[in-house]
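A.B. asks: With the sequence up front, the predicted model follows.
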Amino acid sequence: MAIASKFPVRFRTAPRRNSLAGRLIAVAAVWTALGLVIGGLVLSDVFRSSVESDFDARLILYLDGMIAAAEPNALGEVAMRDRFGDARFERVYSGWYWQITAIGSKEGGDPKNAGELISRSLFDHTIKITEEHKRPDGLIGGHGEGPDTQRVRFVAQRIVFPVTGSSKPNETRAYTFLVAGTSSEVEAEVDHFNGTLIWSFALLGAGLIGGIFVQVLIGLQPLRQVSDALARIREGKARRLEGRFPAEIAPLAAELNSLIEHSAEVVGRARTHVSNLAHFLKTPLTVLSSEASAQPGPLADAVQRQVVTMRHHVDHYLARARAAGAVDALGNRTPVKPVLDDLARVLARIHQDRSLEIAVDCPPGLAFRGERQDLEEMAGNLMDNACKWARSRVLVTAIRLQGARFGVRVGDDGPGLAPHERNLVGERGERLDESVPGSGLGLAIVRDIAKLYGGTLELDASTLGGLEARLELPVLA
């Protein structure tokens with residue numbers, strides 16, 4: 001299944017260390033670096049072996065030419081004359097050398113050192129062998145020390161010449177023919193190759209890690225699509241996960257949609273039960289109130305007071321239960337301005353005999369992260385309270401605050417409250433004046449509902465001269 005085009009690939013901030021993308025990239029980067037290092041070492045070793053083999057092939061070629069140029073006389077002594085005249089062997093300390101060392105006779109002769117012949121490049125030095133081994137082709141190979149402590153690589157072969165001018169039969173004389181070249185040529189080629197290998201593999205590694213980075217980000221894009229879809233649900237822009245998901249993510253999206261639907265069903269069922277319970281309680285309370293009214297007396301008065309208190313508590317906790325269910329539900333989004341405008345019109349009609357001026361100032365794009373009914377409950381209580389105490393004006397202002405919050409300010413030009421009295425209002429239905437009708441639980445309900453949404457309610461002096469209620473609630477972008 002293809003990823004929906006409405007969710008384009010977005011390269012966000014670099015993956016954090018404790019993230020799935022970061023782990024995938026880190027593991028891939030480690031394995032890539034390890035593979036490149038091992039591969040580089042293997043290639044370097046193969047190249048060194050190739051260069052050394054090529055170098056030895058040149059030495060063998062020169063050795064064959066030198067042996068072919070050698071002229072033994074009747075006594076078995078060797079002379080080179082000018083038949084092996086490569087220019088590199090003529091320049092002093094050039095790095096290319098040859099020498100012929102007599103090692104005595106092998107068959108019937110007395111062993112003796114008959115002297116050495118050396119190339120002009122050796123001048124007055126000889127090759128000192130430091131390490132030698134027998135090669136598969138029968139030659140001798142190894143390393144030695146040349147003039148100026150040069151490290152050289154050599155090949156040598158033992159050649160036996162007959163002595164024809166001797167009175168002894170089958171007399172021979174043996175020589176070691178040796179050709180050497182400085183190892184710096186091999187090291188220079190290997191170093192050049194290693195340098196090229198390092199920077200080329202570094203570029204390759206950077207490209208591979210960059211490709212892995214892009215691949216991981218694109219590969220994990222469906223998870224970001226799920227995250228974006230959940231954010232849309234949380235913001236109230238959608239009710240379920242929308243879009244086409246890959247086959248690996250589609251079951252997860254289906255399960256999340258089922259969970260969201262189940263959660264909404266559970267919340268709705270719980271709120272229905274709470275409403276039914278409140279209804280069932282109100283009916284017996286109404287009967288008690290009617291019976292108490294029919295039989296006046298001290299007992300009836302006590303019953304009436306308790307009935308009123310119980311009704312207040314039912315209304316109070318019914319509002320709290322409704323708000324708690326709304327907080328747990330996803331996808332709630334309520335524009336603020338239409339709610340405040342509707343409440344202002346309703347309250348203006350209710351208090352039309354007092355000619356109250358109710359002004360509302362709210363930006364059109366402001367949205368409450370919750371249900372409309374809860375916002376109406378909170379704002380309606382505050383605005384109704386202000387209308388009851390106002391002389392002529394009520395000002396309702398909604399503003400965007402720092403962070404994901406907004407504020408609703410409801411002020412009036414009434415008598416207001418002293419600072420110490422503001423702390424008592426709204427706590428457990430405390431009322432300071434019984435002259436105005438009401439239960440005294442309005443502010444307590446507002447405070448409880450706001451607290452469930454993570455909001456606050458404070459009372460302060462209004463710019464109009466009376467009381468101002470300051471409600472802060474979560475906002476949606």
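C.D. replies: Sure, I can see it. As the structure is a prediction and not an experimental result, all values here were calculated from the model.

A.B. asks: Next secondary structure after the strand or helix carrying residue 226?
C.D. replies: Element membership of residue 226 [criterion: DSSP states H and E] is helix 221-234. Following helix 221-234 in sequence order, the next helix or strand is helix 250-294 (DSSP H and E).

A.B. asks: name the helices or strands packed onto that following helix?
C.D. replies: Packing partners of helix 250-294 (3 or more Cβ pairs under 8 Å, 6 or more residues apart in numbering; DSSP states H and E): helix 221-234, helix 298-328. All C-beta spots, glycine's among them, are computed from the backbone N, C-alpha and C.

A.B. asks: the bottom helix or strand of the chain by mean pLDDT?
C.D. replies: Each helix and strand of the chain was given a mean pLDDT (mean pLDDT, DSSP states H and E); the minimum falls on helix 298-328 at a mean of 68.

A.B. asks: Tell me where the stretch 1-150 of the chain has strands.
C.D. replies: 71-72, 78-79, 96-104, 116-118, 128-134, 140-145 (DSSP state E, counting those that start in this stretch).

A.B. asks: is it true that residue 155 lies in a strand?
C.D. replies: Yes - counting by DSSP: H, G, I helix; E, B strand; the rest coil, residue 155 is part of a strand.

A.B. asks: what pLDDT does it get?
C.D. replies: Predicted confidence (pLDDT) for residue 155: 95.

A.B. asks: Leaving out chain neighbours, which residue sits closest to it?
C.D. replies: Using Cβ to Cβ, 6 or more residues apart in numbering and skipping residues adjacent in sequence, the residue nearest residue 155 is residue 59, 4.5 Å away.

A.B. asks: What is the neighbour count of residue 238?
C.D. replies: By other Cβ atoms under 10 Å, 18 other residues sit near residue 238.

A.B. asks: looking at it, it is touching residue 229, isn't it?
C.D. replies: Yes - using Cβ atoms under 8 Å, residue 238 is in contact with residue 229, at 6.9 Å.

A.B. asks: about what we covered before: count the neighbours of the residue nearest to residue 155 for me.
C.D. replies: By the measure other Cβ under 10 Å, the count of residues near residue 59 is 23.

A.B. asks: again, but for residue 311
C.D. replies: 18.

A.B. asks: Looking at the closest residue to it other than its chain neighbours now. What's its pLDDT?
C.D. replies: Leaving out its chain neighbours, the residue that sits closest to residue 311 by Cβ to Cβ, 6+ apart is residue 285, at 5.8 Å. Looking at residue 285, its pLDDT is 73.

A.B. asks: ok, now which ones touch residue 285?
C.D. replies: 307, 310-311, 314 (Cβ atoms under 8 Å, 6 or more residues apart in numbering).

A.B. asks: what about 6 Å?
C.D. replies: 307, 310-311 (Cβ atoms under 6 Å, 6 or more residues apart in numbering).

A.B. asks: For it, give its distance to residue 291.
C.D. replies: The spacing between residue 285 and residue 291, counted by Cβ to Cβ, to the nearest Å, is 11 Å.

A.B. asks: Remind me what the longest helix seen in the chain packs against, helices and strands.
C.D. replies: Determined from DSSP state H, the single longest helix within the chain is helix 20-69. Judged by 3 or more Cβ pairs under 6 Å, 6 or more residues apart in numbering; DSSP states H and E, the packing partners of helix 20-69 are strand 151-162, strand 172-182, helix 184-219.

A.B. asks: now it: mean pLDDT?
C.D. replies: For helix 20-69, mean pLDDT is 90.

A.B. asks: How far off centre is it?
C.D. replies: Averaging C-alpha positions (Cα atoms, centre = their mean, to the nearest Å) puts helix 20-69 36 Å from its chain's average.

A.B. asks: Between strand 140-145 and it, find me the angle.
C.D. replies: Relative orientation of helix 20-69 and strand 140-145, computed by axes from the mean of the first three to the mean of the last three Cα atoms, to 10 degrees: 100 degrees.

A.B. asks: burial count for residue 442?
C.D. replies: For residue 442, using other Cβ under 10 Å, the count is 22.

A.B. asks: Please tell me how far the closest residue in space to it that isn't next to it in sequence sits from residue 182.
C.D. replies: Of all residues not flanking residue 442 in the chain, residue 381 sits nearest, at 3.9 Å (Cβ to Cβ, 6+ apart). Residue 381 is 99 Å from residue 182, where distance means Cβ to Cβ.

A.B. asks: neighbour count winner among those two?
C.D. replies: Taking neighbours as other Cβ under 10 Å, residue 381 and residue 182 compare with residue 381 leading, 26 against 20.

A.B. asks: Please enumerate residues in contact with the host helix or strand of the more buried one?
C.D. replies: Assigned by DSSP H and E, residue 381 belongs to helix 372-389. Residues outside helix 372-389 that contact it (Cβ under 6 Å, 6+ apart): 319, 323, 326, 334, 339, 343, 347, 351, 356, 368, 394, 408, 410, 412, 414, 436, 442, 446, 449, 469.

A.B. asks: following that helix, which helix or strand shows up next?
C.D. replies: With DSSP H and E, the next secondary element past helix 372-389 is strand 393-400.

A.B. asks: Now the element after that following strand, going C-ward?
C.D. replies: As assigned by DSSP H and E, the chain's next helix or strand after strand 393-400 is strand 405-412.

A.B. asks: Show me what counts as buried in the next helix or strand after that next one.
C.D. replies: Where DSSP H and E defines the elements, the next helix or strand beyond strand 405-412 is helix 419-422. Using 16 or more other Cβ atoms under 10 Å as the test for burial, helix 419-422 gives residue 422.

A.B. asks: Relative to residue 246, how far out is residue 25?
C.D. replies: Counting by Cβ to Cβ - residue 25 and residue 246 are separated by 20 Å.

A.B. asks: which of those two has more neighbours?
C.D. replies: residue 25 (19 against 14).

A.B. asks: hang on, isn't that one packed against residue 214?
C.D. replies: No - the criterion here is Cβ atoms under 6 Å, and residue 25 misses it with residue 214 at 10.1 Å.

A.B. asks: what number of residues lie near the nearest residue to residue 72 once chain neighbours are set aside?
C.D. replies: Nearest non-adjacent residue to residue 72, counting by Cβ to Cβ, 6+ apart: residue 161, 3.9 Å away. Residues within reach of residue 161, counting by other Cβ under 10 Å, total 19.

A.B. asks: got the contact list for residue 161?
C.D. replies: Counting by Cβ under 6 Å, 6+ apart, residue 161 makes contact with 72, 76, 173.

A.B. asks: Just list the residues touching residue 241, thanks.
C.D. replies: By Cβ under 6 Å, 6+ apart, the residues touching residue 241 are 229, 253, 256-257.

A.B. asks: Ramachandran coordinates for it?
C.D. replies: Dihedral angles of residue 241 (phi, psi; degrees, to the nearest 10) stand at phi -70, psi 130.

A.B. asks: how near is it to residue 21?
C.D. replies: Counting by Cβ to Cβ - residue 241 and residue 21 are separated by 21 Å.

A.B. asks: separation between the nearest residue to residue 79 once chain neighbours are set aside and residue 80?
C.D. replies: Excluding the flanking residues, the one nearest residue 79 by Cβ to Cβ, 6+ apart is residue 71, at 5.1 Å. Separation of residue 71 from residue 80 (Cβ to Cβ) stands at 7 Å.

A.B. asks: buried set for stretch 343-356?
C.D. replies: Buried residues in stretch 343-356, counting neighbours by 16+ other Cβ under 10 Å, are found at 343-344, 347-348, 351, 356.
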